[in-house]
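Novice: I'd like to go over a predicted model; first the sequence, then the structure.
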Amino acid sequence: MRNLLRWETALVFLLVVVALTGQVSTDGSFLSGGNLFYLGLDIGEIALIALPLTLVIVAGEIDLSVASVLGLSSALIGWLWNAGWSLETILPTVILAGAVCGAVNGLLVTRLGLPSLAVTIGTLALYRGLALVVLGDTAVADFPASYTSFGTTPVPGTDIPYPIVLAAVLAVLFGVALHASSFGRSVYAIGANEEGARFSGIRVKRVKLSLFVLAGAVAAIAGIVYTFRFSSARADNGLGLELAVVAAVLLGGVSIFGGKGTLFGVLAGVLLLGGLRNLLILQDTSTEVLTIVTGLLLLVSVLAPSVTRRVGTLRKAAP
């Protein structure tokens, strides 16, 4: 009964409801191979960024600059490509730049003691501004087809896009790190009680810094995927994507206050958010409505755990 009442179980149930509703309302096209392929493309970058952001939020922090790091990474790809660099050199350089952006966030939070919300709101604007300085309002779109096909074609013999395969591999690695290692136990301990974790010997600042570096590096990888998917490097790539990522993580059951959440729940939240948005797109819903739905899901994901805890407290207090 306890397992049936878990938030992850409710997410799986909602996923089934969305799938059945979509299949009926679209005359069977919602679960077709072609639509699932495009659904996978749409959630690829969200799934990638949500993985390290889950660890950041579980540790009691937040990073709102991830979408701006994605945009800066895309702008760097275009700028370095125009400068004559090869993509084999550009890609690791861009990932390193993303890690540096994450390290800046982490150092401001851990060494100066600044709140991560304020820091990453500031770097959200800073990194997006740097992207505009690097590439301006131009677009670079003459990348080799051997690279752009990574974001536009499925794995041979399947309807699975390559970005989903990449996200699945990273999900296994992050899942092991969070749920089956001493590092993951340290992350949960920090989110539940930072002072207690420090007195127990956990290097709190070092762990948090590593989480921000991971978030920046993976956001840069998402920028590479985004650039190749649209075959275009632009400074405004991923604009506003942080809202969808945070909504997916919180919808997956991760507590905004830290210390609670599972990676499986986050992946279910990504699928649920992506499925709802895909269903609305098939219904010719406007972009404004999609934004409203994302915002409502974000509110629900924050309110639901509080309401659940309140009901549990009242039940314990009842005679």
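Specialist: Received the coordinates, thanks.
Novice: contacts for stretch 205-222, please.
Specialist: 44-45, 48-49, 51-53, 55-56, 59, 61, 63, 66-67, 69-70, 73, 94-103, 105-107, 109-111, 166, 170, 183, 186-187, 190, 238 (C-beta atoms under 8 Å, 6 or more residues apart in numbering). Where C-beta positions appear, they are placed from N, C-alpha and C, glycine not excepted.
Novice: list only buried entries from the residues you listed.
Specialist: Buried residues within the contacts of stretch 205-222, counting neighbours by 16 or more other C-beta atoms under 10 Å: 44-45, 48-49, 51-53, 55-56, 59, 61, 63, 66-67, 69-70, 73, 94-95, 97-99, 101-103, 105-107, 109-110, 166, 170, 186-187, 190, 238.
Novice: take those and keep only those in helices.
Specialist: Assignment to helices by DSSP state H places the following of the buried ones among the contacts of stretch 205-222 there: 44-45, 48-49, 51-53, 55-56, 66-67, 69-70, 73, 94-95, 97-99, 101-103, 105-107, 109-110, 166, 170, 186-187, 190.
Novice: find the residue at the geometric middle of the protein.
Specialist: With distances taken as C-alpha atoms, centre = their mean, residue 50 lies nearest the centre of the chain, 2.3 Å away.
Novice: could you give the mean pLDDT of stretch 213-230?
Specialist: Throughout stretch 213-230, pLDDT has a mean value of 96.
Novice: report the buried residues of that stretch.
Specialist: Buried-residue list, stretch 213-230, by 16+ other C-beta under 10 Å: 213-230.
Novice: where's residue 222, which helix or strand?
Specialist: Element membership for residue 222 (DSSP states H and E) is helix 204-230.
Novice: then residue 254?
Specialist: Following DSSP H and E, there is no helix or strand that holds residue 254.
Novice: return the residues in contact with it.
Specialist: 54, 57, 58, 260, 261, 262, 265, 266.
Novice: against residue 267, how distant is it?
Specialist: Per C-beta to C-beta, to the nearest Å, residue 254 is found 11 Å from residue 267.
Novice: what's the answer for residue 71, then?
Specialist: According to C-beta to C-beta, residue 71 stands 24 Å off from residue 267.
Novice: comparing these two, which residue is more hemmed in?
Specialist: Neighbour totals were compared for residue 71 and residue 267, and residue 71 leads with 29 against 23 (other C-beta atoms under 10 Å).
Novice: my guess is the more buried one contacts residue 127. True?
Specialist: Yes - counting by C-beta atoms under 8 Å, residue 71 touches residue 127, with 7.2 Å between them.
Novice: tell me which helix or strand residue 30 sits in.
Specialist: Following DSSP H and E, there is no helix or strand that holds residue 30.
Novice: OK, contacts around it?
Specialist: Residue 30 is in contact with 19, 22, 23, 278, 279, 282, counting by C-beta under 8 Å, 6+ apart.
Novice: and the helix or strand hosting residue 10, which residues are buried?
Specialist: Assigned by DSSP H and E, residue 10 falls within helix 7-25. Residues 7, 8, 10, 11, 14, 15, 18, 22 are the ones in helix 7-25 that count as buried (16+ other C-beta under 10 Å).
Novice: which stretches of the stretch 1-150 of the chain aren't confidently modelled?
Specialist: 1-5 (pLDDT under 70).
Novice: one more time with 80, if that's ok
Specialist: Low-confidence segments of the stretch 1-150 of the chain, defined by pLDDT under 80: 1-7.
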